[in-house]
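Asker: 3D model of this:
(chains A and B)
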Amino acid sequence: MASQNTVFVENKPGRLSKIARVLANSNINIRAITIADRGEYGLINILTNDPDKTHEVLTREGFSASRKHVIGVIMKDRPGALADVTEYLHGNAVNVSNAYGFILREGDMAVLILEVDDYERALKVVHTGGFHTLTLDELGDH
Amino acid sequence: MEGCYWDREIETIPREDLLRLQLDRLNKTLQIAKHSPFYRGKIPEFVSDLDALKDIPFTTKKDLRGSFPHGMLAVPLERIIRLHSSSGTTGTATVVYHTKHDIDNWTELVARSMYMTGVRKHDIFQNMMGYGLFTGGLGFHYGSERIGALTIPASSGNSKRQIRLMRDFRATVIHVTPSYALHLYPLFAEEGLNPRDQLQLRIAFLGAEPYTEETRRRIEDLYGLDAYDSYGLSEMNGPGVAFECPMKNGMHLWEDHYILEAMHPKTGKMLRDGEEGELVLTTLARNGMPIIRYRTGDVATIFPHKCPCGRTHRRISRIKGRSDDMLIIKGVNLYPMQIEKVIMDIPEVGNNYLIEIERVDYLDSINIKVEIAPETFHGSFDELEHLKKKIVDNLKTEILIQPKVTLVEPGSLPRSEGKAVRVVDKRKE
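Answerer: Just a heads-up that it's a prediction; the model follows:
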């Protein structure tokens, strides 16, 4: 079970670098980061090795951060891996509202992070399909 | 220079006769007003001279709000044939009631005013102000019809249509806000028209918002017409309280219908002509809802000298500003308090907001920055967009104009030690 932090920021210079420095100062390692831009404001999704601490640190620094459960599907780092996973999900009517991927171990392991509408059902579908999901341990340093 | 008078006798009435007329009408007004719950017991039944006015307490906007809806009605409701109400929910709305007699008098004042500037039966008047509860629309409409001019109830907005109406029906007189007149000008070229040379416009009535002499001249040059300033407020009917004559040097305030005083907004001291102060007005011929010594909140100067046009009703200067925090945006009056009420009523909103006003392409633009409440942020766009829409919709219902709303991070707006600065008005004029 993976946990993502979403931060609400105004679209002005320096917000991203401030967040990055704040996390760095608390020795938090960012595994993945994406930004969704809505003009005047944006949402920054951050996946770190310590989601609890991340939320605590960001909130303390005055940021508006929210925690959300996401599914991290483990894939092989090879061509076709993403296609296999997404075709399977599509075939089982899993509705994905946001997705992004990153490499966990080069040449070996990649992760597809999914934000879904029905978390419990999606998790069941993923496990039934024989896929492994990301644990906190795996998000830690290797 | 002698103008042509709608009502020569009253417009050029000698001062002593005017003062006698005022005293007589004031006493009639006191007799009627005493029937309203608000004035009962607060005002004398009779005064022997106009000096006694200073002993009668002021009536304020707060009084009007507090007596909403029927507290200031002085006649049975069946005699009322029209009401005009301001925007606003409980606690901020005001209302003015009119009998047939009141509407008739209001119409006379507007007709008298329009006639003074040169409007005649053969004119074609395009009324480009909002109709509905806004008094500027219907007020001018009735006045124009009373003169017998062809009256086009165009209302506001829809620029292409405004231009086509002017062209197709050869409008000669318009009523418009100065900012809209400037905003509209470049659009004529798109319709292949040069308003100066190819339209028949002779007269423009500019109102509903403050503007400078420079702006007036610019509009006159661009459109090739004479632009006249006027003053009105819904508490005193609407338009037709004061109007410029062809001298265009101050607005004649019709003293047969209003007693005009000026006070120092802070000290309350009554001022002499020539001193700048808050205008205080008393209705002299209103039956439905007379109002006595109303603090208008508008700051101006009463001119002491006689006008060469021959009219004996004193002139007031342009309105210099407000004695309270009322804002005028796109010709609509609103108070920051109204915005605050709406915003703070929405739980997902944080504790701080800022109202920024600027002029974009000659039109007023209002941007309200609202801090989100950190505990209600759950990381979804839909939620934020939904919140933003809710704020905009609720505000639009309250203040009648559509503001831009920007969601900002909690704690990002400036905080002050003392009184919060809620409004930043970047318009320069």
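Asker: ok, which stretches of chain A are helices?
Answerer: Applying DSSP state H to chain A gives helices spanning A:15-25, A:51-60, A:81-91, A:119-128, A:136-139.
Asker: for chain B, same thing?
Answerer: Using DSSP H, helices in chain B cover B:8-11, B:15-33, B:61-66, B:100-116, B:135-147, B:159-169, B:178-190, B:195-198, B:213-223, B:336-344, B:381-399.
Asker: between those helices, which gets nearest to chain A?
Answerer: For the helices of chain B, the distance to chain A is smallest for helix B:381-399, at 6.4 Å, taking CB to the nearest CB. The C-beta positions use only the backbone N, C-alpha and C, and glycine is treated the same way.
Asker: Work out the gap between the closest one and the centre of the chain.
Answerer: 28 Å (CA atoms, centre = their mean, to the nearest Å).
Asker: tell me the domain boundaries of the chain?
Answerer: I'll assume chain A. A:2-69, A:70-139 (automatic domain parsing).
Asker: that answer is for a different chain, and I need it for chain B
Answerer: Chain B breaks down into these domains under automatic domain parsing: B:8-324, B:329-425.
Asker: Using CSV, lay out these together with distance to chain A.
Answerer: Formatted as CSV, those follow (distance: least, CB to the nearest CB, whole Å):
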stretch, distance to chain A
domain B:8-324, 25
domain B:329-425, 3
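Asker: so which of the ones you listed gets nearest residue A:109?
Answerer: Among the domains of chain B, the nearest to residue A:109 by CB to CB is domain B:329-425 (26.4 Å).
Asker: Any idea how far stretch B:49-63 is from the middle of the chain?
Answerer: 22 Å.
Asker: Next: stretch B:219-237.
Answerer: Its chain's C-alpha centre and that of stretch B:219-237 lie 11 Å apart, by CA atoms, centre = their mean.
Asker: what does stretch A:122-132 give?
Answerer: That offset, for stretch A:122-132, works out to 17 Å (CA atoms, centre = their mean).
Asker: buried ones in it?
Answerer: The neighbour-count check on stretch A:122-132 (16 or more other CB atoms under 10 Å in any protein chain shown) flags A:122, A:123, A:125, A:126, A:131 as buried.
Asker: Now do that stretch, average pLDDT.
Answerer: The average pLDDT for stretch A:122-132 rounds to 91.
Asker: outside of that stretch, which residues touch it?
Answerer: Contact with stretch A:122-132 is made by A:71, A:73, A:74, A:75, A:85, A:88, A:89, A:92, A:94, A:114, A:116, A:133, as judged by CB atoms under 8 Å, 6 or more residues apart in numbering or on different chains.
Asker: any idea which of the residues you listed is closest to residue B:350?
Answerer: residue A:116 (29.4 Å).
Asker: which one is that closest one nearest to, not counting chain neighbours?
Answerer: Of all residues not flanking residue A:116 in the chain, residue A:122 sits nearest, at 4.2 Å (CB to CB, 6 or more residues apart in numbering or on different chains).
Asker: nearest to chain B, of the contacts of stretch A:122-132?
Answerer: residue A:116 (12.7 Å).
Asker: Contacts only, for that closest one.
Answerer: By CB under 8 Å, 6+ apart, residue A:116 lies in contact with A:70, A:71, A:94, A:95, A:96, A:97, A:122.
Asker: Tell me how many other residues crowd the fourth one.
Answerer: By the measure other CB atoms under 10 Å in any protein chain shown, the count of residues near residue A:95 is 12.
Asker: now that we're looking at it, how far away is residue A:59 from it?
Answerer: Applying CB to CB, to the nearest Å, the value for residue A:95 to residue A:59 is 30 Å.
Asker: same deal with the third one?
Answerer: In this structure, residue A:94 and residue A:59 are separated by 31 Å, where distance is defined by CB to CB.
Asker: just checking, residue B:182 touches residue B:212?
Answerer: No: with contact defined as CB atoms under 8 Å, residue B:182 does not count as touching residue B:212 (12.0 Å).
Asker: and residue B:49, how many neighbours does it have?
Answerer: Residue B:49: 9 neighbours (other CB under 10 Å).
Asker: and it, what is it in contact with?
Answerer: Residue B:49 makes contacts with residue B:23, as judged by CB under 8 Å, 6+ apart.
Asker: before we move on, the earlier item: quick one: which of the contacts of residue A:116 is nearest chain B?
Answerer: Nearest to chain B, judged by CB to the nearest CB, of the contacts of residue A:116 is residue A:97 at 8.4 Å.
Asker: So what sits opposite the residue lying closest to the closest one once chain neighbours are set aside in the bridge?
Answerer: Excluding the flanking residues, the one nearest residue A:97 by CB to CB, 6+ apart is residue A:115, at 4.9 Å. Taking DSSP bridges as the rule, residue A:115 bridges to residue A:98.
Asker: Pull the contacting residues for residue A:115.
Answerer: Contact analysis of residue A:115 by CB under 8 Å, 6+ apart lists A:4, A:68, A:70, A:96, A:97, A:98, A:99.
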